[in-house]
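Participant: Got a predicted model here, sequence first, then my questions.
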Amino acid sequence: ADRYQVPRICFINKMDRVGADFQRTVQEIEKRLHAHPVALQIPIGAGSAPDPNAFEGIIDLVSQRALYFDRGSLGAKIEQREIPDAWRDEAARWRQKLLETVALLDDELLNAYMESGDLASEDIHRLLRKATIQGLLQPVFCGAALSYIGVQPLLDAITRYLPSPIDRPPIRGEHPNPKKRKPEGEIRKPLPDEPFCGLVFKIQAEQHADLCFLRVYSGRLKSGSRVLNPRLGKKELVSQIWRVQADSKEPIETRQVEAGDIIGVVGPKESVTGDTLCDPNRPILLESIKFPETVISMAIEPETNAERKKLADVLSRLARQDPTFSVQISEETGQTIVSGMGELHLEVIRERIHRDFGLNVRVHKPRVSYRETVAAVAEARGEFHRKTGETVQFAAVTVRVEPYRGATSVTIENGLKPGALPPELEKAAME
């Protein structure tokens, strides 16, 4: 987020779990992530029943009201009450932190706060939005999403504090042809009338066709159109456009989207995560997404040899979908090695192979090819001397060994001049 200057807000989830600690988490956000969190809510309690201080609601520090959520309506019904007496001092302490942080963002409001000791809700929201967009601070919310507590205020905060495309600078890229690049680069404003460009930020492998998640930065995109992938220099067909919401998706009735939309498209065959799709007549190459290196590897194999080819196809599709997941065949052991960002990551991949593709696989530690080499350079000479009757037999051999460096394969060199030994004897010695 820092690299791409993305504004962000924080949601501390699972406040109904044993061991939940709101203040500790806020401190960890500040220390470990080097962020500037500002709490706009605090939880009423923490943990779950039968704990007498179990989590039951949240306190809005801006409106100074306690919010209680109805689980029967999936959190749609919110009851506002006065802050409980037991929580007034705690709420006042957190609100003072909030007001002091906000007041420092504006000199006029700082003077007003010094005189009155308070700020209007409208001024708090306005300055929080401005500071969030500039990346100066990160508003913090809390709740328990599984119990539908705190979700509605979080959604309101997204629309209130995070920027729309017109609040951000135009997207910049470069021409895919180095000879046609301009010093200022290619610029696309977030307007429907601009040439189309979008970024594939995720690919979901499904049974029949891959679903590419696409953010449209500029212009319009219609179903059935052909767009350019500047990384490949090839055109891709966008056959279907879908509106995706969690696990459900539906076709867009207008069969057209425009700047600012985030959609799912079916059709591209060779595009991968981080690729740009754009108007063929106005090409632009956006900055790709950089992903960290994998940290753990495991060997994987099907339960039967008949499914080996199918497994290879499935792993290839999953690797195309997830850039942090890689597959390779070990040249030394012949094993199929999968690598990911952790044990949980690879466990999820394994479960998806079984659930989505009907393949039973086994995973285990990769086999290791052990090697040994000498510790230092060594040289030895051996002599053979024997007299049989009047015949004297004599031979001398010098052998030199050096440590294996790993850059090249192990080699054996003959230090004698060509023809010094009979061919049959030289062959026997080399063998």
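Facilitator: Everything's here; your move. Numbers count the residues shown, from 1 in each chain.
Participant: buried sites along stretch 9-18?
Facilitator: 9-16 (16 or more other CB atoms under 10 Å). Every C-beta, even on glycine, is put in place using the N, C-alpha and C of the backbone.
Participant: I'd say Cys325 and Leu318 touch.
Facilitator: Small correction: residue 325 is Phe, not Cys. Yes. With contact taken as CB atoms under 8 Å, Phe325 and Leu318 are classed as touching, separated by 6.1 Å.
Participant: Quick check: neighbours shared by these two?
Facilitator: Taking CB atoms under 8 Å, 6 or more residues apart in numbering as the criterion, Phe325 and Leu318 both touch Ile349.
Participant: Dump stretch 392-402 to PDB, keeping only the CA atoms.
Facilitator: Backbone C-alpha positions of stretch 392-402 (Å, rounded to 0.1, in the frame of the first residue of the first chain) are rendered in PDB as follows:
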ATOM      1  CA  VAL A 392      60.700 -54.700 -15.800                       C
ATOM      2  CA  GLN A 393      57.200 -53.300 -15.500                       C
ATOM      3  CA  PHE A 394      56.900 -49.700 -14.300                       C
ATOM      4  CA  ALA A 395      54.100 -47.200 -14.200                       C
ATOM      5  CA  ALA A 396      53.400 -43.900 -12.300                       C
ATOM      6  CA  VAL A 397      50.100 -42.100 -11.900                       C
ATOM      7  CA  THR A 398      49.500 -38.700 -10.400                       C
ATOM      8  CA  VAL A 399      45.900 -37.800  -9.300                       C
ATOM      9  CA  ARG A 400      44.700 -34.300  -8.400                       C
ATOM     10  CA  VAL A 401      41.300 -33.600  -6.900                       C
ATOM     11  CA  GLU A 402      39.600 -30.200  -6.300                       C
END
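Participant: what pairs with Arg243 across the strands?
Facilitator: Here Arg243 sits in beta bridges with Glu250, as judged by DSSP bridges.
Participant: Run a quick neighbour tally on Ala157.
Facilitator: By the measure other CB atoms under 10 Å, the count of residues near Ala157 is 21.
Participant: For it, what are phi and psi?
Facilitator: For Ala157, the backbone dihedrals (degrees, to the nearest 10) come out as phi -70, psi -30.
Participant: Verify the stated contact: it with Cys142.
Facilitator: No. Taking contacts as CB under 8 Å, Ala157 lies outside contact range of Cys142: 11.5 Å.
Participant: Could the C-alpha coordinates of the helix or strand of the chain with the lowest mean pLDDT be exported in PDB?
Facilitator: Ranked by mean pLDDT, DSSP states H and E, the helix or strand of the chain with the weakest confidence is helix 423-430, at a mean of 78. In PDB, the C-alpha atoms belonging to helix 423-430 read as follows (Å, rounded to 0.1, in the frame of the first residue of the first chain):
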ATOM      1  CA  PRO A 423      44.300 -45.800 -26.700                       C
ATOM      2  CA  GLU A 424      43.100 -49.000 -25.000                       C
ATOM      3  CA  LEU A 425      45.000 -48.100 -21.800                       C
ATOM      4  CA  GLU A 426      43.800 -44.500 -21.800                       C
ATOM      5  CA  LYS A 427      40.200 -45.700 -22.100                       C
ATOM      6  CA  ALA A 428      40.600 -48.100 -19.200                       C
ATOM      7  CA  ALA A 429      42.200 -45.300 -17.100                       C
ATOM      8  CA  MET A 430      39.300 -42.900 -17.800                       C
END
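Participant: export the buried residues of stretch 9-18 to TSV and tack on distance to Ile263, secondary structure and pLDDT?
Facilitator: Listed next are the buried residues of stretch 9-18 as TSV, based on distance: CB to CB, whole Å; DSSP: H, G, I helix; E, B strand; the rest coil; pLDDT from 0 to 100:
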residue	distance to Ile263	secondary structure	pLDDT
Ile9	23	coil	95
Cys10	27	strand	96
Phe11	24	strand	97
Ile12	30	strand	96
Asn13	27	coil	95
Lys14	31	coil	94
Met15	33	coil	94
Asp16	34	coil	92
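Participant: okay, the residue nearest the centre of the chain: pLDDT?
Facilitator: For the chain, Phe291 is the residue whose C-alpha lies nearest the centre (CA atoms, centre = their mean; 6.5 Å). The predicted local confidence for Phe291 comes out at a pLDDT of 81.
Participant: other SSEs contacting the host helix or strand of Val363?
Facilitator: For Val363, the enclosing helix or strand under DSSP states H and E is strand 361-364. Contacting strand 361-364 under the criterion 3 or more CB pairs under 8 Å, 6 or more residues apart in numbering; DSSP states H and E are the following elements: strand 296-302, helix 343-357.
Participant: quick one, which of these is nearest to Ile171?
Facilitator: When those are ranked by distance to Ile171, counting by CB to CB, first place goes to helix 343-357 at 30.2 Å.
Participant: and the closest one, C-alpha only, in PDB?
Facilitator: Coordinates of each C-alpha in helix 343-357 appear next as PDB, following Å, rounded to 0.1, in the frame of the first residue of the first chain:
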ATOM      1  CA  GLU A 343       1.800 -24.100   5.000                       C
ATOM      2  CA  LEU A 344      -1.700 -22.700   5.100                       C
ATOM      3  CA  HIS A 345      -1.400 -21.400   1.600                       C
ATOM      4  CA  LEU A 346      -0.400 -24.800   0.200                       C
ATOM      5  CA  GLU A 347      -3.100 -26.500   2.300                       C
ATOM      6  CA  VAL A 348      -5.700 -24.200   0.700                       C
ATOM      7  CA  ILE A 349      -4.300 -25.100  -2.700                       C
ATOM      8  CA  ARG A 350      -4.500 -28.800  -1.900                       C
ATOM      9  CA  GLU A 351      -8.100 -28.500  -0.700                       C
ATOM     10  CA  ARG A 352      -9.100 -26.600  -3.900                       C
ATOM     11  CA  ILE A 353      -7.600 -29.300  -6.100                       C
ATOM     12  CA  HIS A 354      -9.800 -31.800  -4.300                       C
ATOM     13  CA  ARG A 355     -13.000 -29.700  -4.100                       C
ATOM     14  CA  ASP A 356     -13.000 -27.900  -7.400                       C
ATOM     15  CA  PHE A 357     -11.300 -30.400  -9.700                       C
END
